[in-house]
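Visitor: what's the 3D shape of this:
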Amino acid sequence: MKTDWDVVVVGAGPAGCAGAKRCAEQGLNTLLLERHILPREKVCGGMLLSPASRTLVKDEFGEPPAEIWSSSPYVRGYVLHVPGTSGRKIELGRVPHAWRRVFDYWLSQEAQRSGAELWTDAKVTDMVEDDGAYLLKVSHHAAEQGIRARYVIGADGAASLIRRRLLSGVNLSYGPASRICYDEAALNWKTLGIEKEYFHPFFDPHRAPYRFSIEYYGGVFTLVFGGLRKSGKDLALEGGSLAEQYRLLDLGREPIWEDACVELGSHKEILFGSFSPAKGNVLLAGSAAGFMLPVTWEGIGPSIRSGIAAAEAVVKASAHTKEAERYYLAEIEELLSTFRRAYSWGRRIKEATTKEPDHLADALEECFEELLNIPRW
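Guide: Predicted coordinates:
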């Protein structure tokens, strides 16, 4: 089994698959590691929300095959719900929609077709620098082994081990995201006036932009709670302020399944602090670098863009025998400027929580209208 690689990419989500695909296409011996067996579940909506994301996926991976989309393959837009106001509808046309387990699996297959080698059930347990390269310990099918790489792209999620090894002195805040999946009959769609073909975020007037969301996949709908911690379920279902206005479920029904993940809780350190998503020839991409857009939580497009940027930085560094860090920071500057704009919206929305509900709904609507129509990443 090969143990020396030009590039090791850790994590086979959108960022990792994009980075591995681009590196392999440029002739670099590339290994893509995924800790789970694919396909795997992901607590995330599989929507290509912005035109920028849809264009990026098509340009980088080709036209997605029809079979990866859910049985409810398109979302027409958003309806933003703030208690005390009417729902604010944002039309987006036809937004492709998939379960992330299926979408990410397709991305990994495309990375393999481009020449990247994929190991699944491969968990990185340590990384150390060694004489200008990096040694990674990997538990692959429960067997420990060591691999060596000139470059490492850490795309291993919000709780990234690569980030912890790279930037041991940086403390970032975390927050949970949880998902509960129900049969569609558990929700009284007609009484509530909720249209299945729209994505529905519900905002607590005192905690916006954090919210919970309803998303329909055809036969199944999900409740996703982000930034509300354990109180999210109480707010939505069990007597909190949102539950009082939006009695969503027949609470006698059991969910089909529940799962959860970890998200970075703040972009402040990433955009304005001491955090840097690169050091030497180790680069962080996707959620490992915090590339989930504030407020709208759009992640697929920014993650793919950061994965491509990481790959381009590696290619340039390899050709010029320079450290990849300098190229990567230049490559992502435009992406970071978009994130700074979104972060400023988050501050404006928090200020609006101290005013009348309509002020908050107006701010949310204006923010979503702008961020959901980003032309390019």
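Visitor: do you know how far Arg253 is from Ala185?
Guide: As judged by Cβ to Cβ, to the nearest Å, Arg253 and Ala185 stand 8 Å apart. C-beta coordinates here come from the backbone N, C-alpha and C atoms, glycine included.
Visitor: distance-wise, check the residue nearest the centre of the chain relative to Arg165.
Guide: Nearest to the geometric centre of the chain sits Gly299, at 3.5 Å (Cα atoms, centre = their mean). Distance from Gly299 to Arg165, counting by Cβ to Cβ: 23 Å.
Visitor: flag every buried residue along stretch 163-180.
Guide: Arg163, Arg165, Leu166, Leu167, Leu172, Pro176, Ala177, Ser178, Arg179, Ile180 (16 or more other Cβ atoms under 10 Å).
Visitor: what's the helix or strand where the last one lies packed up against?
Guide: Assigning secondary structure by DSSP states H and E places Ile180 in strand 174-183. With contacts taken as 3 or more Cβ pairs under 8 Å, 6 or more residues apart in numbering; DSSP states H and E, strand 174-183 sits against strand 220-226, helix 231-237, strand 257-264.
Visitor: just checking, Gly77 touches Gly87?
Guide: No - applying Cβ atoms under 8 Å as the test, Gly77 and Gly87 come out as separate, 11.2 Å apart.
Visitor: quick one: the strands in the stretch 51-200 of the chain?
Guide: Taking DSSP state E, counting those that start in this stretch to define them, one finds strands in the stretch 51-200 of the chain at 74-80, 88-99, 117-119, 122-130, 133-140, 143-154, 174-183, 198-203.
Visitor: in the fourth one, what's buried?
Guide: Right, strand 122-130. Quick answer for strand 122-130 (16+ other Cβ under 10 Å): Ala122, Lys123, Val124, Met127.
Visitor: and these, which is closest to Phe221?
Guide: Within the buried residues of strand 122-130, the smallest distance to Phe221 is 32.0 Å, found for Lys123 (Cβ to Cβ).
Visitor: contact partners for the residue nearest to the closest one when sequence neighbours are not counted?
Guide: Closest residue in space to Lys123, ignoring its immediate chain neighbours: Arg35 at 4.2 Å, by Cβ to Cβ, 6 or more residues apart in numbering. Arg35 sits next to Gly11, Asp121, Ala122, Lys123, Val124, Asp156 when contact means Cβ atoms under 8 Å, 6 or more residues apart in numbering.
Visitor: surely Glu144 is in contact with Lys137?
Guide: Yes - contact criterion Cβ under 8 Å: Glu144 and Lys137 qualify, at 6.5 Å.
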